[in-house]
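*Asks:* Have a look; sequence and predicted model below, questions after that.
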Amino acid sequence: MIRIVADDKIPFLKGAFEEVAQIKYIPGAKICRADLMEADALIIRTRTRCNSKLLDGTTVRFIATATIGYDHIDADYCNAREIEWTNAPGCNSSSVQQYLVSTLLYLTNHRNLSPEKLTLGVVGVGNVGRKVAAAAEILGMKVLLNDPPRQRREKDQSFVELDHILKESDVVTLHVPLNRGGEDNTFEMVNDHFTAMMKQGAVLINTSRGKVVHENSLLRSIENGKLSDVILDVFPEEPSIEPGLLKAITLGTPHIAGYSMDGKANGTTMSVQAASRFFNLGLDSWTPASIPPPSVTELLADAATGNLHETLWEVYRQSYDVTTDDLDLRSRPGEFEKLRGDYPVRREPPAFSVRLFQGYEEIRVKLEQLGFSVLSDHCA
């Protein structure tokens, strides 16, 4: 039997391997070299740094991270030592899309903005960025796309340069990996030059990696009024957060944009299946037995006002209200990891149906485009 060490906070994992492997569960941040001296495989999240310090002298042959990002894995080290590794691309892309829609609807309703008059700049157009762009278009926003690696590969004329994005966008959202150096460096890419190029009063959203942002530059751009709103799901020194930064931003959440139950289940599924293929464990088609349902599956909405985006926000906040996560972090900023580890059940729009009263066709269509099931016999 192969031996696996796994992060004990990976949802749905317990019970997956027990019949075909010996598995030991350890808090991700506490996994150390001694735990891996006889291990064949390691299944992790972002809190376990896979490098020479952790892996030298161990028997690990395979690593799966149940996350989109993989900057916590020293790929060069693993490749040189023939340690197979895999991530879970796209696993939580719909979850991040849900987070962005909640954020955009909150901003437009509380700032009295019309999405149809706003331009969203998407920096990084992978699995997540594509879904965010699609959702923004459903809301009526104009969307600009920037992704230099894809632009070089695909010669796609729909991409624009970063400077153009910054000059033209009312809202800029980041969905990039953390690259330290090189042609596509993203480490501290949000610096004084970056913010100086942005429109006066623009909004910045970062759900990618904390160190994509230079903290002091960001603070300066908030304090001098260059940016009207900043939304951060990730922080440069997380799990530690600079109190001044949290106070200055509009919304702050503890790295949970991709933490829907649906996204977590996808990441675990991809990791289990990848390990199964590598070790021939017979779990190539494994999926979680069940995903907990939301506490309420049927949402109610009265669209009598005729205000499309106000109604969308009233519906959306019932399925996921980003301000709840913001309040939780502000009330317990020193419990960043606990807030992530004990994150409540959050389901994506397809888990809900909407009973819409006094509605009209445009609202129904947009709700369905966002993933909800609408009880159309209640639309007038």
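*Replies:* Thanks, I have it.
*Asks:* In terms of helices and strands, where is the residue most central in space within the chain?
*Replies:* Residue closest to the average C-alpha location in the chain (Cα atoms, centre = their mean): residue 258, at 3.5 Å. Secondary structure assignment for residue 258, by DSSP states H and E: no helix or strand.
*Asks:* In contact with it, which residues are there?
*Replies:* By Cβ atoms under 8 Å, 6 or more residues apart in numbering, residue 258 lies in contact with 67, 68, 91, 92, 93, 95, 96, 99, 207. For every residue, glycine as well, the C-beta is placed using N, CA and C.
*Asks:* farthest pair in these?
*Replies:* 67 and 99 (15.3 Å; Cβ to Cβ).
*Asks:* sorry, back to before: once you drop chain neighbours, what's closest to the residue nearest to the centre of the chain?
*Replies:* residue 92 (3.2 Å; Cβ to Cβ, 6 or more residues apart in numbering).
*Asks:* wait, doesn't the one you found sit right on residue 259?
*Replies:* Yes: using Cβ atoms under 8 Å, residue 92 is in contact with residue 259, at 7.4 Å.
*Asks:* between those two, which one's more packed in?
*Replies:* residue 92 (26 against 23; other Cβ atoms under 10 Å).
*Asks:* Distance check, the more buried one against residue 226.
*Replies:* 31 Å (Cβ to Cβ, to the nearest Å).
*Asks:* same question, residue 361
*Replies:* Distance from residue 361 to residue 226, by Cβ to Cβ: 40 Å.
*Asks:* out of those two, which sits in the busier spot?
*Replies:* A side-by-side neighbour count of residue 361 and residue 226, using other Cβ under 10 Å, places residue 226 first with 18 against 10.
*Asks:* need the contact list for that one.
*Replies:* 195, 196, 198, 200, 201, 202, 220.
*Asks:* sorry, back to before: among the contacts of residue 258, which one sits closest to residue 280?
*Replies:* The closest of these, once distances to residue 280 are taken by Cβ to Cβ, is residue 91, at 23.0 Å.
*Asks:* which of residue 67 and residue 99 has more neighbours?
*Replies:* In this view residue 67 and residue 99 are compared by other Cβ under 10 Å, and residue 99 has more residues nearby, 28 against 25.
*Asks:* Quick check on the more buried one: phi, psi?
*Replies:* For residue 99, the backbone dihedrals (degrees, to the nearest 10) come out as phi -60, psi -40.
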